[in-house]
Each structure stands twice: as structure tokens, then as C-alpha cells.
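Visitor: Below: sequence and its predicted model.
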Amino acid sequence: MKLVLLTAIGCYLGLVGLVYIFQRDMMYIPDRGMPTPQASGVDDMSAFKILTSDGLEITSWYAPPRNDQMPIIVLFHGNAGSLAGRAFKARIFLDAGYGVMLVGYRGYGNNPGSPHEDGLYMDGRAALDFLTQQGIGADRWMLYGESLGCAVAIQMALEYQGQADTTQSSPGVMGLVLESPFTSMGDAAAVHYPWLPARWLVKDGYKSFEKIGRLTTPLFVVHGGQDRTVPQSHGRTLFDLANEPKQALWIDAASHNDLYDHGLTPVLLEWMASRAEK
């Protein structure tokens, strides 16, 4: 009996070790292919190679707004796929007159490198630096996070808000949209692996719950009630921690990836228009 117990403990510890070693392979699920914007239905977008602070050339897609007064929607996508899978969202915003930046990540599409938390933040900063170089300041950016990308968007909003505290040139971003966000990667992992000490194992914490209460950026949160990837309780927790002004859309019938099939578009565009008018 003792031998059986020791064997079971050894197997469990071995499994924990494997999960720890290979966790990023489980966390990040990139599509290595990279169709062109034209092939993805956004032929008014162009692919740009943007240099990160650690020397990687990351491809992002960008299209300017219809006029110089319209904001730029900067979209940070989730953990799976590539930019092409977000082209339908870009199409909605482009048709409404907004500029759009689909931010590429290292290790996704044909981009070099491997994804990790600090790396995705560097990719985000490089994309925002690109916009600054185009003469488009943070006061015209609406940062849009999708699932994992919510954590990147929150970090970017916080960094540019920090700049706003010390300079007159950067008043902070115009708005922040969070689609199906999680409170932290440890919390999200614990949902899927309750039999593991998941919160202690994660290398990339993405601790949005520690950051969102420091933001004063106008916020819009949307989350589905049938979401089995990231339970809606995560979005509600972040919303409760956030400062005003804030607005939420809780869609009971929606899951993780089908929010636009359940009436998100008009509500989101109305919120964006209200921000653009201010």
C-alpha cells in the first residue's frame, strides 16, 4: 500500500513537472501561417514590420482612419490563431471610419521569437511606438483586448497613463475595451486544471486584477455567460475593481468566441462613438 501511494505521488509530481516545463506550449497556440490582409478581407490594411526593443521584426497590420479626427482601434488578440482571424473585427471598425492596428505577436504568423508575457508587452509597445511615429498620440487610441490580449491592453493603458502623469504630451489613451478578460493567468489556469497548484506554476502571470484599479481610462467590458474558457465571473471581478467611467455588457447566451453573433457590434460602436465625440 505504501509503495502504491509513493508511486502515485511520484507520478503526480512528474506530471506537475511536465506541465511546468511545457506550460507555454499549452498557453500559446499560434497559427504559423500568415495570409495577407487582402486575402483576409481587409484590403485597405497594410502589413508593417515593426522593430521591438529586443530586436525582433514583428508584422502588424494597420490602416489609418477615414479622417484625422477619428480614433485608432488597437487590437491585441487572444492566445490562439493569428491576425487573419481578427480581420472580421477590423472590417467592422474600418467600415465605421476608425483606423485599426492589429498587433502582431512574436511566434505568431511568420513572426520570429517565442511568446511570453514580457515579450508580448514589448510587441505591444513597439506597435504603439509605430503609431506615435505616425503622429498619432495616445489620446486617439482605443485599446482593445481579446482574452489574453486584455492583459496586454491593460498593461499598455497603464504605462501610457503613467506617462500622462509626468508629461503634457501624453494624456493617456482614449478608451479600453476588454472582451472576455481573465483576472490573472493563474486564476484562468486553475479553472481548467483544478487538480494542479496552477497559481503557483504559471511563469506568465498576467495579473490584470492587480492593475485595473490603477487605471482611470474609460472602460467597456463584454463577457458571455456561457463562456467555458474564461468564466464570466472573471470579467465581473475586473469590472468591479475598475474605476469609473465604465460600462459592461453581459451576454447570457454567448460563449468565449461568439460575442459578435449576440448583438455586441451596435452596443460597442455606440460606446466607441461616445468616446470619439468627447
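Guide: Right, received. Where do you want to start?
Visitor: residue ranges for the strands of this protein, please.
Guide: 29-30, 46-51, 57-63, 72-76, 80-81, 99-103, 141-146, 175-179, 219-224, 246-251 (DSSP state E).
Visitor: In TSV, list those strands along with distance to Arg275 and mean pLDDT.
Guide: (Each C-beta comes from the backbone N, C-alpha and C, glycine too.) Formatted as TSV, the strands of the chain follow (distance: least, C-beta to C-beta, whole Å; pLDDT from 0 to 100):
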stretch	distance to Arg275	mean pLDDT
strand 29-30	31	95
strand 46-51	25	96
strand 57-63	19	97
strand 72-76	11	98
strand 80-81	27	95
strand 99-103	14	98
strand 141-146	7	98
strand 175-179	4	98
strand 219-224	9	98
strand 246-251	10	98
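Visitor: Make CSV from these and add distance to Asp258 to it.
Guide: Listed next are those as CSV, based on distance: least, C-beta to C-beta, whole Å:
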stretch, distance to Asp258
strand 29-30, 18
strand 46-51, 27
strand 57-63, 23
strand 72-76, 17
strand 80-81, 15
strand 99-103, 20
strand 141-146, 13
strand 175-179, 11
strand 219-224, 7
strand 246-251, 9
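Visitor: any chance of these in JSON lines, with mean neighbour count and distance to Ala276 too?
Guide: Shown next, in JSON lines, are the strands of the chain (neighbours: other C-beta atoms under 10 Å; distance: least, C-beta to C-beta, whole Å):
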{"stretch": "strand 29-30", "mean neighbour count": "14", "distance to Ala276": "32"}
{"stretch": "strand 46-51", "mean neighbour count": "15", "distance to Ala276": "23"}
{"stretch": "strand 57-63", "mean neighbour count": "22", "distance to Ala276": "17"}
{"stretch": "strand 72-76", "mean neighbour count": "26", "distance to Ala276": "11"}
{"stretch": "strand 80-81", "mean neighbour count": "16", "distance to Ala276": "28"}
{"stretch": "strand 99-103", "mean neighbour count": "28", "distance to Ala276": "11"}
{"stretch": "strand 141-146", "mean neighbour count": "27", "distance to Ala276": "8"}
{"stretch": "strand 175-179", "mean neighbour count": "27", "distance to Ala276": "9"}
{"stretch": "strand 219-224", "mean neighbour count": "24", "distance to Ala276": "13"}
{"stretch": "strand 246-251", "mean neighbour count": "17", "distance to Ala276": "15"}
